[in-house]
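Trainee: 3D, please:
(one chain, ligands or ions: 1)
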Amino acid sequence: MTSTGIGETVVVLGATGQQGGAVAAALRADGRTVRAVVRDPSGSRARALAATGVETVRGDLGDPGSLRAAFSGAHGVFSVQPNSGQPDAGVGDEDEVRFGTTVADAAVRSGVAHLVYSSALTAGAVTGVAHLDTKHRIEAHVRSLDIAGTVIRPATFMEILLSPGTGLGKGQLSFLTRPERAMQFIAVRDIGRIAAAVFGSPDRYAGRTMEIAGDALTGEALAEHLTRAAGRPIGYRRLPGRDGVLGRLAALVDDGRLAGNADLGALRAEFPFLLSFDQWLKGPGAGPLVQALRPTGA
Ligand SMILES: NC(=O)c1ccc[n+]([C@@H]2O[C@H](COP(=O)([O-])OP(=O)(O)OC[C@H]3O[C@@H](n4cnc5c(N)ncnc54)[C@H](OP(=O)(O)O)[C@@H]3O)[C@@H](O)[C@H]2O)c1
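Mentor: Here you go, the predicted model:
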């Protein structure tokens with residue numbers, strides 16, 4: 001397999017969402033032809049994609065025929081599934097696994113040359129947390145197929161630190177890690193850029209599984225960076241409660257599996273554009289930080 005030609009189409013799943021949106025943007029910036037599978041081509045996010053030169057086709061992860069049609073004639077497919085761990089996503093763990101395996105099967109049946117699957121850094125082994133182990137199962141399926149596959153395992157998104165549940169609007173970041181325990185993070189923008197680089201050099205990346213991250217920070221360091229960026233004090237505390245899903249996720253941070261073990265120096269040498277948390281806060285994170293700092297009124 002040689003490098004993907006500029007004219008060869010890459011199909012992107014989830015392009016109206018975070019990762020797929022970043023992948024579509026990075027591929028377009030590289031001058032590539034991008035086709036996005038969307039549930040509603042007339043929706044505002046699909047129309048915004050189309051305005052950037054992305055071809056949008058109707059399709060659904062639950063409809064294998066629509067995926068095979070969308071993948072027809074494409075060189076590559078970027079596969080990402082909605083998060084079965086989000087209660088409001090309406091997607092169960094078995095749905096996520098079915099979606100992920102269906103995409104891979106459809107790619108094989110459509111003669112796609114290169115499948116890039118976006119997993120998560122915990123997927124190397126079974127964790128016992130069902131919505132994380134979905135990705136272990138999808139990865140195993142991808143590897144069992146006769147297709148050149150690359151698995152990227154993103155660390156925790158920097159974006160998640162600004163979500164309403166972390167409490168920044170009250171001047172304090174609450175997150176999973178202990179104050180002194182480092183955890184790795186990646187900017188969603190960089191997931192897109194790495195995926196585009198992978199599609200650009202299939203010979204180099206086919207068969208590889210890569211943990212990807214742009215920075216590693218303790219809870220205290222996160223608060224220091226946020227304090228500087230916000231221009232006012234931001235404290236840090238570990239999310240309370242050792243029971244339930246949050247407690248199990250925190251335990252996975254403690255034992256390293258959700259903290260991340262990517263070699264940041266090697267990654268930065270390979271992908272020089274990778275953003276540190278500071279750089280992200282001054283760049284793509286600047287606007288969202290202003291929003292996140294607004295008082296929640298509680
Ligand atoms: N948050 C983290 O720190 C982190 C770290 C590593 C990995 N992950 C993983 O990242 C994944 C989520 O990625 P994301 O944040 O980019 O997702 P996202 O922003 O929530 O977007 C989900 C995308 O999936 C599309 N979609 C949902 N159901 C669909 C269906 N039935 N058919 C076709 N498309 C469908 C949505 O399209 P519509 O516009 O039609 O809704 C949307 O484009 C999860 O698997 C999560 O576990 C997260």
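
Trainee: Tell me who's in contact with G85.
Mentor: Neighbour list for G85: H131, L132, V245 [criterion: CB atoms under 8 Å, 6 or more residues apart in numbering]. For glycine as for every other residue, the C-beta is placed from the backbone atoms N, C-alpha and C.

Trainee: try S174
Mentor: By CB under 8 Å, 6+ apart, the neighbours of S174 are G165, T166, G167, Y236, R237, R238, L239, P240.

Trainee: Would you format those residues as TSV with pLDDT and distance to the ligand included?
Mentor: Below are those laid out as TSV (pLDDT from 0 to 100; distance: CB to the nearest ligand atom, whole Å):
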residue	pLDDT	distance to the ligand
G165	89	12
T166	94	12
G167	93	17
Y236	98	18
R237	96	20
R238	96	17
L239	92	15
P240	84	20
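
Trainee: just the buried members of those?
Mentor: The neighbour count (16 or more other CB atoms under 10 Å) marks T166, G167, Y236, R238, L239 as buried among those.

Trainee: Among those residues, which ones are in strands?
Mentor: Those of these mapping onto strands are Y236, R238, per DSSP state E.

Trainee: Kindly reformat the buried ones among the contacts of S174 as JSON lines containing distance to A155.
Mentor: Converted to JSON lines, the buried ones among the contacts of S174 look like this (distance: CB to CB, whole Å):
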{"residue": "T166", "distance to A155": "16"}
{"residue": "G167", "distance to A155": "21"}
{"residue": "Y236", "distance to A155": "19"}
{"residue": "R238", "distance to A155": "18"}
{"residue": "L239", "distance to A155": "18"}
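
Trainee: Can you name the residues that contact L222?
Mentor: Counted by CB under 8 Å, 6+ apart, L222 has contacts L161, L173, F175, Y236, F277.

Trainee: Report how many residues lie close to the third one.
Mentor: For F175, the tally of surrounding residues (other CB atoms under 10 Å) stands at 22.

Trainee: and what of the one 4 residues further on?
Mentor: Applying the criterion other CB under 10 Å, we find 15 residues in the vicinity of P179.

Trainee: So what's the predicted local confidence for it?
Mentor: As predicted, P179 sits at a pLDDT of 98.

Trainee: Contacts only, for it.
Mentor: Residues counted as contacts of P179 (CB under 8 Å, 6+ apart) are T218, G219, E220, Y236, R237, R238.

Trainee: Verify the stated contact: the second one with L173.
Mentor: Going back to what we said before, that points to G219. Yes: the criterion here is CB atoms under 8 Å, and G219 meets it with L173 at 7.4 Å.

Trainee: Mutual contacts of the two, please.
Mentor: The contact sets of G219 and L173 overlap at Y236, R237 (CB under 8 Å, 6+ apart).

Trainee: Okay, buried residues for stretch 169-180 please.
Mentor: L173, S174, F175, L176, T177, R178.

Trainee: what's the answer for stretch 219-233, then?
Mentor: G219, E220, A221, L222, A223, H225, L226, T227, A229, A230.

Trainee: Out of the residues you listed, the closest to E55 would be?
Mentor: A229 (37.4 Å; CB to CB).

Trainee: For the closest one, which residues are in contact?
Mentor: D278, L281, K282, G285, A286, L289.

Trainee: Now render those residues as TSV, adding pLDDT.
Mentor: TSV is the format used below for the contacts of A229 (pLDDT from 0 to 100):
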residue	pLDDT
D278	98
L281	98
K282	98
G285	98
A286	98
L289	97
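
Trainee: buried subset of the residues you listed?
Mentor: L281, G285, L289.

Trainee: how about the helix or strand hosting the last one, does it reach the ligand?
Mentor: For L289, the host element (DSSP states H and E) is helix 286-293. No: for a cut-off given as CB under 6 Å from any ligand atom, helix 286-293 has no contacts with the ligand; the smallest distance is 13.6 Å.

Trainee: Who are the packing partners of that helix?
Mentor: Applying 3 or more CB pairs under 8 Å, 6 or more residues apart in numbering; DSSP states H and E, one finds that helix 286-293 contacts helix 219-230.

Trainee: try 10 Å
Mentor: If you count contacts as 3 or more CB pairs under 10 Å, 6 or more residues apart in numbering; DSSP states H and E, helix 286-293 packs onto helix 219-230, helix 277-282.

Trainee: could I get those helices as JSON lines with distance to A104?
Mentor: Converted to JSON lines, these look like this (distance: least, CB to CB, whole Å):
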{"stretch": "helix 219-230", "distance to A104": "35"}
{"stretch": "helix 277-282", "distance to A104": "31"}
